[in-house]
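Chemist: fold the following, please.
(4 chains, ligands or ions: 4)
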There are 4 protein chains.
Amino acid sequence: MVSTDTVIDFFLETRAHTEVICKPLEIEDYVVQPIIDVSPPKWHLGHTTWFFEEFILKTYDKSYQIFNADFSFVFNSYYETVGKRVVRADRGNLSRPSVKKVFEYRHYVTQAMKYLLESNDDSTLLEVLEIGIHHEKQHQELLLTDIKYILGNNPLLPKYSDSFKEYSIDKDAQVWIPMSEGIYEIGHNSADFCFDNELERHKVYLHDYQISNKLVTNAEYLDFIKSDGYKRFDLWHAAGWDWVKQSQANSPLYWHEIDGVWHYYSLNGLTEIDLDAPVTHISYFEAFAFAQFKDCRLPTEFEWEAAQNQFNWGQRWEWTESAYLPYPNYKKVDGALGEYNGKFMVNQKVLRGSSIATPNKHARHTYRNFFQTDLKWQFTGIRLAK
Amino acid sequence: MVSTDTVIDFFLETRAHTEVICKPLEIEDYVVQPIIDVSPPKWHLGHTTWFFEEFILKTYDKSYQIFNADFSFVFNSYYETVGKRVVRADRGNLSRPSVKKVFEYRHYVTQAMKYLLESNDDSTLLEVLEIGIHHEKQHQELLLTDIKYILGNNPLLPKYSDSFKEYSIDKDAQVWIPMSEGIYEIGHNSADFCFDNELERHKVYLHDYQISNKLVTNAEYLDFIKSDGYKRFDLWHAAGWDWVKQSQANSPLYWHEIDGVWHYYSLNGLTEIDLDAPVTHISYFEAFAFAQFKDCRLPTEFEWEAAQNQFNWGQRWEWTESAYLPYPNYKKVDGALGEYNGKFMVNQKVLRGSSIATPNKHARHTYRNFFQTDLKWQFTGIRLAK
Amino acid sequence: MVSTDTVIDFFLETRAHTEVICKPLEIEDYVVQPIIDVSPPKWHLGHTTWFFEEFILKTYDKSYQIFNADFSFVFNSYYETVGKRVVRADRGNLSRPSVKKVFEYRHYVTQAMKYLLESNDDSTLLEVLEIGIHHEKQHQELLLTDIKYILGNNPLLPKYSDSFKEYSIDKDAQVWIPMSEGIYEIGHNSADFCFDNELERHKVYLHDYQISNKLVTNAEYLDFIKSDGYKRFDLWHAAGWDWVKQSQANSPLYWHEIDGVWHYYSLNGLTEIDLDAPVTHISYFEAFAFAQFKDCRLPTEFEWEAAQNQFNWGQRWEWTESAYLPYPNYKKVDGALGEYNGKFMVNQKVLRGSSIATPNKHARHTYRNFFQTDLKWQFTGIRLAK
Amino acid sequence: MVSTDTVIDFFLETRAHTEVICKPLEIEDYVVQPIIDVSPPKWHLGHTTWFFEEFILKTYDKSYQIFNADFSFVFNSYYETVGKRVVRADRGNLSRPSVKKVFEYRHYVTQAMKYLLESNDDSTLLEVLEIGIHHEKQHQELLLTDIKYILGNNPLLPKYSDSFKEYSIDKDAQVWIPMSEGIYEIGHNSADFCFDNELERHKVYLHDYQISNKLVTNAEYLDFIKSDGYKRFDLWHAAGWDWVKQSQANSPLYWHEIDGVWHYYSLNGLTEIDLDAPVTHISYFEAFAFAQFKDCRLPTEFEWEAAQNQFNWGQRWEWTESAYLPYPNYKKVDGALGEYNGKFMVNQKVLRGSSIATPNKHARHTYRNFFQTDLKWQFTGIRLAK
Ligand SMILES: [Fe+3]
Ligand SMILES: [Fe+3]
Ligand SMILES: [Fe+3]
Ligand SMILES: [Fe+3]
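Modeler: Residues are numbered from 1 along each chain as shown, chains lettered A, B, ... in the order given. Ligands and ions are numbered 1, 2, ... in the order given. Sure, this is the predicted structure:
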C-alpha cells in the first residue's frame, strides 16, 4: 500500500476519468439500455458512486449524510422494493434521476470521500477503497463498450469520437512459440492489488504446447466466413450451433455487408474493415469454431499465463478454453463484497489480457476476466494454440 | 370544410399544444420505452411530424427539402432497413436523434407546412391535413398516458404537474336510464371530420336495455377487490383468468397498497385513492369481471351511442362489450392512409366517449376508440348496463 | 323431450360412435398431444365419460361408486392438485391411465348410466343428459381433427382410413345470392336442443348484401398463394401479418409442396390437391386476407344465418366476420355447467354451418362454433360476401 | 480385443438387457416425452438400433436391406426433412412407428448383426461395435431415468417394479480422506474400452485436499432445506439463484411434502424419505449450494479420480466442480462418430463414478459423465471435499 496522497490522487484521477469517457455523449445517450447486458451510462455513473457511499462512507464517516435514500436501490444491483412500494423496473426504463442529478451525486460523494481520506488511513478502509477504485475501472471499460453498443446499434450510426483508436497493427510475422512440459506457477504474486479470483497462487502441470505470437486478424476471420464457417456445423459446439441458428450470427458484431463489401462500425464511425486489424467482437462460440477451422485450439488460461511474457497482449480480451472456476484454496471475502467474483464461477469462460478499452493501471498478467459464451459486445479477440 | 385561416390556426394550435404537453419533462423522460405499448415522447414528437412530411410536403410542395432522410424510418411505424444496412432497434433504444434535433425537425416541418397552406388550398390536401391534425391529437393523448407510465413506474415516482386534474366528482345519484327496443341509427352523420371507422352510418336493432347514468367509482371497485374479485374465476373470461394469473393483476394500474391503505399515482403524484373518483386504468378483462360481480354487463357500443345524450361522458374511455369490427359498407381509404384503422379490426374491444387526456376538438359521440383486452395504461373506465 | 327409450338409444348410440371413430387407431395414437390445442384421443374418451360421472351419476345415482377417484382431475379440464401432492403435467405427458383402463372406465360409466336412465326420468337429469350427449358429439369432431393432426404431422404420414371422405364436389356455378335490407330474427327457435349461446332469439337489422352460393375452392386459394397473397401485407390485419411472419404460414395446413406440386394430407393419406375441392384448414386470418384479395369480405354470422336456407352448407366450418359475443339477454347456466360457453366469449370468431367431421344430429343452422383467429386444424372454410 | 464369440455374446446380452428394462412398461409408457431431456422409451429402442444399422450394417454388410428408409430420420438425432416433405416433430409427438414395429426393427437388426459378426472380424468393425455396445449401455441408463420421469410425473404415480433397489445404506462413519500435494496421472490407461473424452492420459498437479468417504445423505440435505438453504442467496451462484427463483426449486426432484412429511417417489412407488439414503436427483446448482452451506466444496474431477480407490462409489453420479473440457491432446474421432463427445464440451459439469442405474460392465474410474448445471433427473449425488 502506498501513501495517502498517492491514494487520494489515484482515487480522484479514477473518478475524473469516468467523466472524461462520458464527455462526447448527449444527455439522451446516458439513458438507454438496448440489451440486457448493456447498462445505461447514467447507471454506471451512479453505481460506481453508490459503491463508495455504501461500503465506505456509511461505515467510516459517522457524520456522512446520505445524498438520496432512494438511490441505494436505483444504483444497487437489486432493486425489488421501494420502501413499502413494490416497483419493478429495468435500468433502461428509468428516466430519473436525471443525468444532472447523477453528476451532483458523483460530486457529493467524491468530495465526501476526499475529506474522509484526508483524515482517515485505516487499513481496512484503504483495502475497500482499492477495490472501489478497481471496481470503477472495470465499469469504465463497460461504459465504453456499452456506449459503443448504444451508438453502434442506432440506425444513424453516430460516432463517439475521432481520437479513440480501436487497434494498432501488429507487423510481426506469425510464429508459434514453443512451451515445454512441466510445472508452472499460476496466480497473483506481489504486494500490488489483485482481485480475489487471482488467488491462491498455485502450481499447474502443463504438457508441451505452442501458442501464437499474434492475434487473429480480420483477414483470417473473413476467410473463415467465406469458407462457410457459419454453415459447417462440424466446427461448432452443439450449443454453439444452436446459438448460430437462433441468433442468425454470420459475422462479428458491428460488421455490416454493404453491396458485397464488409464494413465495420468503430467508435470513429463506419468504414470498410481493415484486413490487418485484430478481429474483435466475437463470442467464445465463434472463437472456438474458428480455431477448429484452423485445426488449432484456444489456449487454456494457464497456458496463456505461462507464455504471456513472450508475446504482446493488451489489444483484445483473449478467449481461453478455460471455464471460470475457483483456484485451489480460493476464499470468498466475507460479507457483501464476497459476492464480488465467486458467485459468477459457473458457465462462463475466462478471458485473459486486456483490451484497448481497459483503463490505465488496471491490466495485469494474472487478471481473469470472464463472460458467457455467447457475448460479443466486449473487445474480444482470438489467439490460437496447438 | 372551413376557411384557410381557420385551418392554419387549427394546425398551428395543434402543433403547439403537443409541445405544451412536453413542457414539464426532463430531456431523459423523452427517451425511454418501459413497455412495448408505451412510446418515448421523442418518438411521438417525431412521428406526428413525419406524417405531415410524408403525406403532405413530399406530395404537395415540390420545392420541399427533406429534413433528414434517415428520419423517415426512425419515425415511421416500420423501420427494418437503413439504406443498405439492416438494423433492428426498438424505439426505446434510440438515443439519437436528440430531443433538440427532434424539436428542430418539428419547427422545420411546421414552418414548411405553414408556407404551403398559405398558398395551397387543394381540397385533397386539406383532407389529408385534417387527418394529420387528428392523428396528432390522438398522439397527444398517447403522449400524456405514456408520460404517466414513464413517471409512474419510476421508483422515485416524480410528478408530472400540479395543475393537471385527472377527474371531477360526479355528485348525481346512480340511476338506470331505460332504453326502448327498436331501430337506431349509428355512425357519423355530419359534414365535420370523422375517421373512416365511424362510417357508414347504418341501422341497428336494439332490444330493451338500461344503462347507468354514472361511471363506476373507486369505492365500488374497491369493494370488488375486497370481495375477492381477483380470486373468483367464475367472474372472468377464461382468457381473462389466464391473464390474471400470469400478470398477477390485483388492482387497477397505479394503485399501491401501503400499510393496508390503497394509494394512487396520478399525474400530480402519489396520494390515497379518492373513493368518489371514477375508477380508471383497468383492462377490459377487469371491466367485464366487475360487471359480472355486479350481475350487470357492459353496454355494446351501439347501446352506448344510442343513449349517450342522456348521460355525461368524457372523463374515461368506456369499455364496451363490442368487438372492434367494420360497420356495414365500411371502405378502407386507398393507399398508405388506408392502413389507418381497418387493419386493427380484430381481437380488440371498442371504447366509447373520451377521457380527461383527450385533447380539445377531438371527442365525438360517434368516435370509436379500440384497444386489446389486457391494456390498462389509458384512462379507461366502466359504465354498466343491464 | 322425447321418450326414455329414445333417449337411452341416443345416449348409447353416441357413446358407441365415439369408439367407432377410434377403431383404426394403434394404442400409441391415443397418447400424444403434438400441440396444445390437440388433445390425446385417450383424453377425449375419458373426459366425455367423466362428464356423465361428474354431472349425472354423482348427483342422481346415490349408489354409484366412483370408478377411480384420481380420474376426476386427470379428465377434468383443470388438474393442478393431486390430493396433497402437487403435480403439473400436460395431457400429452400422461401415459397412464392406459387405453385399456380408459375403455373400462367408459364401459363402467355407460352401464351405470344405462341402469340409471331406465329407472329415472327426472327432467333436470334429462336436460343435463342432453348436454352431455351433445358435449360428447362436440368431442367426436375434435377427436377426428385431433387424430388427423397426430397422423398428419407424423413423418410417416400414416392414413386413418380409406373410407372417410373429406369432401364432395359442388358442381354448381358460383352465383351471388342477393339479400334485402331489413329486420331478421336470429337464434334458436324450437323445442329441440340448443346450446346456451344460441339464445335469446332476437332481431337484427341487416343492410343489403350478397352472399356466395359456394365455398371457396382449392383452385381459388392456390391463385391467392401464387399471386403472393402471403407476401402482400396490405391484405392482412396487422395481427394477421405478425402471425404470418412468426408462423411462416404459406399455405393451408396439411399442404406440402413436393417438387413444385402441391399435395394434401387427408385422412386417406397424401395425394395431389384436388382443385375443385372446397379449401380447408385455413385460419380466420387467412380467410380474411383471401376475402380482401377478392375485393370481398366474410359474412357476419347474422348474414349467414339469414341466408343459409338458400345455399348448401355442411362440408366446412365457415369463418364469419363476427366476433363471438353474447346475444341480447344471454344467460349463463348456473353452476359448473355455466362455464360451458360464456367464458369463451372474447377474442374469438364465430364459425357457422358444420363440417364433414361433425357427427349426425349435431348440426343446426343456429349453431355457433368459435375458435381463435390463428387456428387451422379444424375443417374450416371460406364463403364470401359483399 | 477379445474373441469373436465373446464379442457376440456381449452384443446380444446388451441388446437383450435393453428389452429387459422395458418389460414392466405398458405400450403407452413407450410414447411420451414429458420434458425435452426425457426421450420416449420407444425412441431409445429405435435409436440404439439405428446406430448399428447406420455405422455397421450399411458399411460392412453389402447384402444388408434397410428395414425402413424412414427410420433413419425418425431415430437419428436430427430429423428436419422427410424426403422432399418437410416435417417438424418432437420425439414425444410421434405415435408411429408403433412399439411393435420398433421391436421388429430391433430383432431384424440384431439378427443381421449376429450373422455379420459370425463371418466378419474386421478390427475397425469391432471398434465401432464396441462403441455401439457402450452407446446402447449409456441409453440403458437414460431409459431407466426417463421411465422414472415418465411414471414419477404422472399424477397416478404408478410404480415401475418392486425389485429394483435405488440404494443401499452406507453404514460407515463419515471421515475425511487426506490427499497430498503432487503430480497425479489422470485418464484412461489400459487396453480396455474407453470413450474418447478419457484420453490422453496426462499429468495434473493437485494441492493438499481432503475428500469425504461418504455421499451426502437425505438427513443432511433435509437439514439444508430446513435451514432455509433455498432462501439464502449467499449460498448460490448468481445463475443458480436465478434458477431457484425461476424453477421454484425447493427440494430434490421426486420429493413431495405431504402434511408436513417429506415423501419420495422411487421406482418402487411413493414412500417417506429414508434419512440414511444418499440424497439424489439434485442439480449441480443445488450440490454447490449445499457444499457452501457446509463450508466445504465439491471435488474437482481430478481430485475425485486421484482418490477414488479409497472410497466406495457407484450409487450416485457425483457432481464435480470441474467443467467438462477436453484433456490435453484430446483428439476428436473422424467423421460422424467424432461428434460423440467433443461437441458437448462447453457449459456442462463433469460427474464421476456411476449410479445404480448404470448397467454392468459400463462403469470405470476414468469415466466422464456430463450434464448441464440445472438437470436433476439422473441419479446424481454429492460427495464433499475441502
Ligand atoms: Fe459493479
Ligand atoms: Fe400514428
Ligand atoms: Fe369438454
Ligand atoms: Fe445416442
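
Chemist: and the longest helix belonging to chain A, what's buried?
Modeler: As assigned by DSSP state H, the longest helix anywhere in chain A is helix A:123-152. Across helix A:123-152, burial judged by 16 or more other Cβ atoms under 10 Å in any protein chain shown covers A:125-126, A:128-152. Bear in mind the C-beta positions are built from the backbone N, C-alpha and C, glycine included.

Chemist: stretch A:355-367 too?
Modeler: For stretch A:355-367, the buried set under the neighbour-count rule, 16+ other Cβ under 10 Å, comprises A:Ser355, A:Ile356, A:Ala357, A:Thr358, A:Pro359, A:His362, A:Arg364, A:Thr366, A:Tyr367.

Chemist: pull the residues that contact that stretch.
Modeler: If you take Cβ atoms under 8 Å, 6 or more residues apart in numbering or on different chains as the criterion, stretch A:355-367 is touched by A:10, A:14, A:17, A:134, A:137-138, A:140-141, A:144-145, A:165-167, A:186-189, A:192, A:194-195, A:198, A:280, A:305, A:308-309, A:314-317, A:352-354, A:378-381.

Chemist: in strands, which of those fall?
Modeler: A:Ile186, A:Trp317, A:Arg352, A:Gly353, A:Thr380, A:Gly381 (DSSP state E).

Chemist: how about the strands in the stretch 251-386 of chain A?
Modeler: A:255-258, A:261-266, A:269-272, A:317-323, A:349-353, A:369-371, A:380-381 (DSSP state E, counting those that start in this stretch).

Chemist: now for the shortest one, which elements pack on it?
Modeler: This means strand A:380-381. strand A:317-323 (3 or more Cβ pairs under 8 Å, 6 or more residues apart in numbering or on different chains; DSSP states H and E).

Chemist: I'd say A:Val128 and A:Leu57 touch.
Modeler: No: here A:Val128 does not reach A:Leu57: they are 10.7 Å apart, not a contact under Cβ atoms under 8 Å.

Chemist: thinking again about what came up before, show me the one of the strands of the stretch 251-386 of chain A that comes nearest D:Gln292.
Modeler: strand A:317-323 (18.4 Å; Cβ to Cβ).

Chemist: stretch A:272-291: how far from the chain's middle?
Modeler: Here the centre of mass of C-alpha atoms in stretch A:272-291, compared against the chain's by Cα atoms, centre = their mean, to the nearest Å, lies 17 Å away.

Chemist: how about stretch A:145-163?
Modeler: For stretch A:145-163, the distance to the chain centre is 17 Å (Cα atoms, centre = their mean).

Chemist: the ones in strands among the contacts of stretch A:355-367 into CSV, with extra columns for pLDDT and distance to A:Asp70?
Modeler: Formatted as CSV, those follow (pLDDT from 0 to 100; distance: Cβ to Cβ, whole Å):
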residue, pLDDT, distance to A:Asp70
A:Ile186, 98, 44
A:Trp317, 98, 35
A:Arg352, 98, 39
A:Gly353, 98, 39
A:Thr380, 98, 36
A:Gly381, 98, 41
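
Chemist: closest to C:Gln33 among those residues?
Modeler: Nearest to C:Gln33 among the ones in strands among the contacts of stretch A:355-367, with distances taken as Cβ to Cβ, is A:Thr380, at 43.5 Å.

Chemist: how far away is the closest one from D:Ala323?
Modeler: 19 Å (Cβ to Cβ, to the nearest Å).

Chemist: then A:Leu126?
Modeler: Distance from A:Leu126 to D:Ala323, by Cβ to Cβ: 36 Å.

Chemist: A:Cys194 too?
Modeler: From A:Cys194 across to D:Ala323, the span is 23 Å (Cβ to Cβ).

Chemist: what comes into contact with the worst-scoring helix or strand of chain A on mean pLDDT?
Modeler: Here the helix or strand of chain A ranked lowest by mean pLDDT, DSSP states H and E is helix A:339-342, holding a mean of 75. With Cβ under 8 Å, 6+ apart as the test, helix A:339-342 has contacts from A:Ile131, A:Phe195, A:Asp196, A:Asn197, A:Pro326, A:Tyr330, A:Lys332, A:Val333, D:Asp234.

Chemist: what's the offset of it from the middle of its chain?
Modeler: 15 Å.

Chemist: secondary structure element holding A:Val204?
Modeler: strand A:202-206 (DSSP states H and E).

Chemist: what packs against that strand?
Modeler: Strand A:202-206 packs on strand A:182-186, helix A:301-307, strand D:202-206, going by 3+ Cβ pairs under 8 Å, 6+ apart.

Chemist: now the angle from that strand to strand D:182-186?
Modeler: Per axes from the mean of the first three to the mean of the last three Cα atoms, to 10 degrees, the angle that strand A:202-206 makes with strand D:182-186 is 40 degrees.

Chemist: quick check: next helix or strand after strand A:202-206?
Modeler: Past strand A:202-206, the next helix or strand by DSSP H and E is strand A:209-212.

Chemist: how about the helices in chain A?
Modeler: A:4-22, A:41-52, A:58-60, A:71-74, A:99-119, A:123-152, A:218-226, A:238-247, A:284-293, A:301-307, A:339-342.

Chemist: take those and lay them out in CSV including distance to A:Val261.
Modeler: Below are the helices of chain A laid out as CSV (distance: least, Cβ to Cβ, whole Å):
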stretch, distance to A:Val261
helix A:4-22, 31
helix A:41-52, 32
helix A:58-60, 55
helix A:71-74, 44
helix A:99-119, 38
helix A:123-152, 18
helix A:218-226, 11
helix A:238-247, 23
helix A:284-293, 21
helix A:301-307, 34
helix A:339-342, 43
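
Chemist: and of the ones you listed, who's closest to C:Ile35?
Modeler: Among the helices of chain A, helix A:238-247 comes nearest to C:Ile35, with 20.9 Å by Cβ to Cβ.

Chemist: what residues of the closest one count as buried?
Modeler: Buried residues in helix A:238-247 (16+ other Cβ under 10 Å): A:Ala239, A:Gly240, A:Trp241, A:Trp243, A:Val244.

Chemist: so the fourth one sits right up against A:Ala249, yeah?
Modeler: Yes: taking contact to mean Cβ under 8 Å, the distance of 6.9 Å between A:Trp243 and A:Ala249 places them in contact.

Chemist: mind showing which ranges of chain A have poor pLDDT?
Modeler: For chain A, applying pLDDT under 70 flags the ranges A:1-2, A:77-89, A:335-336, A:338-339.

Chemist: need the residues of the stretch 201-350 of chain A near chain D, please.
Modeler: A:202-207, A:209, A:234, A:236-241, A:284-285, A:288, A:297, A:321-323, A:325-326, A:328-329, A:338-339, A:343-347 (Cβ under 8 Å from any Cβ of the partner chain).

Chemist: which of those are buried? Put it as a PyMOL command.
Modeler: To isolate the buried ones among those in PyMOL, judged by 16+ other Cβ under 10 Å, type:
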select buried, chain A and resi 202+203+204+205+206+209+236+237+239+240+241+284+285+288+297+321+322+323+325+326+328+343+344+345+346+347
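
Chemist: quick check: ChimeraX command selecting the buried ones in the contacts of stretch A:355-367.
Modeler: Buried residues within these, by 16+ other Cβ under 10 Å, are selected in ChimeraX with:
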select /A:14,134,137,138,140,141,144,145,166,167,186,187,188,194,195,198,280,305,308,315,316,317,352,353,354,378,379,380,381
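
Chemist: mind giving me the domain ranges of chain A?
Modeler: Chain A breaks down by the TED database into domains covering A:7-153, A:176-385.
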